[in-house]
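**Student:** Sequence first, predicted coordinates after that:
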Amino acid sequence: MEADPAAKPIFEANDDVRVPGFVLPVSKLVSEEAAAAQRGRSSAQPFDTAESADAVTRRKQINAMVAPAVAKLREQFAVKITGTTIGGIDVLEITPRDASHDRDRVLINLHGGAFTLGWEGIALIEAIPVAALGCYRVITVNYRMAPEHRHPAAVEDVATVYAALLQDYAPPRIGIYGGSAGGALTAQVAAWLSARGLPQAGAIGIFGAGGVPFEAGESGYIAGYLDGFFPPPPADGTDPIDITKGYFSGTDNNDASAWPAFHPEILAKFPPALIITGTRAVDLSPAIYTNSQLIKAGVRSTLIVGEGMGHCYYYNLALPEARDAYAAIVAFFRENLK
């Protein structure tokens, strides 16, 4: 479809903007690898988002989809992966195979997957590069998810693991990070710790998310038509499909334990934060808003916005932009975990 050069947005009386159809070219500011990836994309959904798909099916689908990427990471990075429990919670411990990791610091990873899936596939995609590139011990947590569980189950599990790690690590030397649902969960954990009298972590990484719901800003609409990973909200104003399968059912959108970026007094107790998003990402608005609110609350926050990048673009290490993101992640935790 060719864009109509005469087409203009129409500003409705209710403040809605009626956007005409247009063609979005690949940005000239992205790497050639990213441009090639954009040109080769399919509009097919990567996994079944239908309401009828049960949790077990969806978890198998996503793990099968990412299995080749996990295998490639295990070939690329020499890491040791050990399954264990901490505080009674199942975790995977990822360390450099040569045991060269920092013995005084640890990172907790919270995997993505819409609070319904992502264990173990996405967890390994998020944990392996950071453990290898940063020479860290990374503990990735198998937190409780929907539809079997509801908020704050995941936060409680992460807090349990965190409290157990306090026996071996000083709080300023514990970092927490995650992507997508895991990024939102990271913000929730930072709020939870201070609210329950636990010492705050040394630094957090909120990637592919923010401290507010994904649909709270404009990017949920824009990314639905640009990135294609998540569908845009229905045009008729009805509620969108709940990809969390009810994880936040019964939770008020103003609940500080779920969406802390709406609460300056909570954010003021956050540690330094690194936030990563992309111009085509559904999480762009939540990330921008959370970064701004953290700065207003007096917290050091750094925002990285990948040009032409979609949701959790850093998962794809074939992109120079992803490698830059991992370099920033490693540098951030090295600087802030005292």
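**Tutor:** Structure's in. What do you need?
**Student:** gap between the strand or helix carrying I304 and the chain center?
**Tutor:** Using DSSP states H and E, I304 maps to strand 301-306. Relative to its chain's centre, strand 301-306 lies at 13 Å (CA atoms, centre = their mean, to the nearest Å).
**Student:** elements contacting that strand?
**Tutor:** Helices and strands touching strand 301-306, by 3 or more CB pairs under 8 Å, 6 or more residues apart in numbering; DSSP states H and E, are strand 273-278, helix 284-296, helix 320-336. The way it works is simple: take the backbone N, C-alpha and C, and place the C-beta from them, glycine included.
**Student:** Note down every partner strand of it and its orientation.
**Tutor:** Sheet pairing of strand 301-306 (DSSP bridges) gives strand 273-278 (parallel).
**Student:** And the contacts of the strand it pairs with?
**Tutor:** The contact list for strand 273-278, computed with CB atoms under 8 Å, 6 or more residues apart in numbering, reads 177, 190, 203-208, 210, 283-284, 286-288, 290-291, 294, 299-311, 313-314, 325, 328-329, 332.
**Student:** what's the angle from it to helix 284-296?
**Tutor:** Per axes from the mean of the first three to the mean of the last three CA atoms, to 10 degrees, the angle that strand 273-278 makes with helix 284-296 is 160 degrees.
**Student:** As a check, name the ranges of all strands in this protein.
**Tutor:** Here the chain has its strands, by DSSP state E, at 10-11, 17-18, 79-86, 89-96, 106-110, 137-141, 174-179, 203-207, 273-278, 301-306.
**Student:** Can you add mean neighbour count and give these back as TSV?
**Tutor:** Below are the strands of the chain laid out as TSV (neighbours: other CB atoms under 10 Å):
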stretch	mean neighbour count
strand 10-11	10
strand 17-18	10
strand 79-86	14
strand 89-96	20
strand 106-110	27
strand 137-141	27
strand 174-179	28
strand 203-207	29
strand 273-278	27
strand 301-306	18
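**Student:** nearest spatial neighbour of V299, skipping sequence neighbours?
**Tutor:** Excluding the flanking residues, the one nearest V299 by CB to CB, 6 or more residues apart in numbering is F270, at 4.9 Å.
**Student:** Quick check: the gap between the one you found and V106.
**Tutor:** Distance of F270 to V106, computed by CB to CB, to the nearest Å: 19 Å.
**Student:** Now do the contacts for the residue nearest in space to the middle of the chain.
**Tutor:** The centroid of the chain falls nearest to G179 when counting by CA atoms, centre = their mean (2.0 Å). G179 makes contact with 111-112, 122, 126, 207-209, 312, 314-315 under the criterion CB under 8 Å, 6+ apart.
**Student:** so Q293 touches L267, yeah?
**Tutor:** Yes: with contacts counted by CB atoms under 8 Å, Q293 reaches L267, the gap being 5.6 Å.
**Student:** Looking at those two, which one has more neighbours?
**Tutor:** L267 (26 against 23; other CB atoms under 10 Å).
**Student:** For that one, which non-adjacent residue is spatially closest?
**Tutor:** Sequence neighbours aside, A297 is the residue nearest to L267 in space, at 4.0 Å (criterion: CB to CB, 6+ apart).
**Student:** Can you get me a residue count around G113?
**Tutor:** Other residues within reach of G113, judged by other CB under 10 Å, total 23.
**Student:** residues in contact with it?
**Tutor:** Each residue near G113 by CB under 8 Å, 6+ apart is listed here: 62, 119, 122, 145, 180-182.
**Student:** Tell me the spacing between it and Y247.
**Tutor:** 11 Å.
**Student:** Longest helix in this structure, please.
**Tutor:** helix 55-76 (DSSP state H).
**Student:** just curious, which of the contacts of G113 is nearest to G197?
**Tutor:** G182 (24.0 Å; CB to CB).
**Student:** That closest one contacts F115, doesn't it?
**Tutor:** No: in this structure, G182 is not within contact of F115 by CB under 8 Å, at 9.1 Å.
**Student:** Name the residue in those two with the higher neighbour count.
**Tutor:** More crowded of G182 and F115, by other CB under 10 Å: G182, with 32 against 27.
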